[in-house]
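> all I have is the shape, not the residue letters:
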């Protein structure tokens, strides 16, 4: 079942069960998915799962940024609300890749590319991100690439 269909089913379920928090987050996510559908010109076909995952990751990242800001600003109640939203959204994301598995992929990419200069960091990042298929956060990939390239 496509992610967008699963989200719509969960939205209906949240309405029936009167889960206000979940309903609010899913409505927001649905709007973000609709906006992306229009932006990509896929109104007739709808978003692919990969496109939907990108939108969901963007929304989760917004929540994480807000959590940091609210925590730094001494507003734990707002940070907790954002955390709850991030957890609801994370259900639709694929499982994150482990650090060891990520380092193996980085090593493979560097081996395939041959001799890699520090100036080629961006190219290595691009290739690793393509290989992980959205299962690793950009920050995590960046850290792993820096560690492997520094050896």
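That came through, no problem. Note that the structure is predicted; figures quoted are calculated from it, not measured.
> show the subsequent helix or strand relative to the longest helix along the chain.
For the chain, the helix that runs over the most residues, judged by DSSP state H, is helix 49-72. As assigned by DSSP states H and E, the chain's next helix or strand after helix 49-72 is helix 76-90.
> tell me the pLDDT at the residue with the largest distance to the centre of the chain?
Going by C-alpha atoms, centre = their mean, the residue of the chain most distant from its centre is residue 115, 30.8 Å out. Looking at residue 115, its pLDDT reads 80.
> can you show me the helices along the protein?
Using DSSP H, the helices of the chain run over residues 3-16, 20-40, 49-72, 76-90, 99-113, 121-132, 138-150.
> which one is residue 71 nearest to, not counting chain neighbours?
Closest residue in space to residue 71, ignoring its immediate chain neighbours: residue 79 at 4.9 Å, by C-beta to C-beta, 6 or more residues apart in numbering. Bear in mind the C-beta positions are built from the backbone N, C-alpha and C, glycine included.
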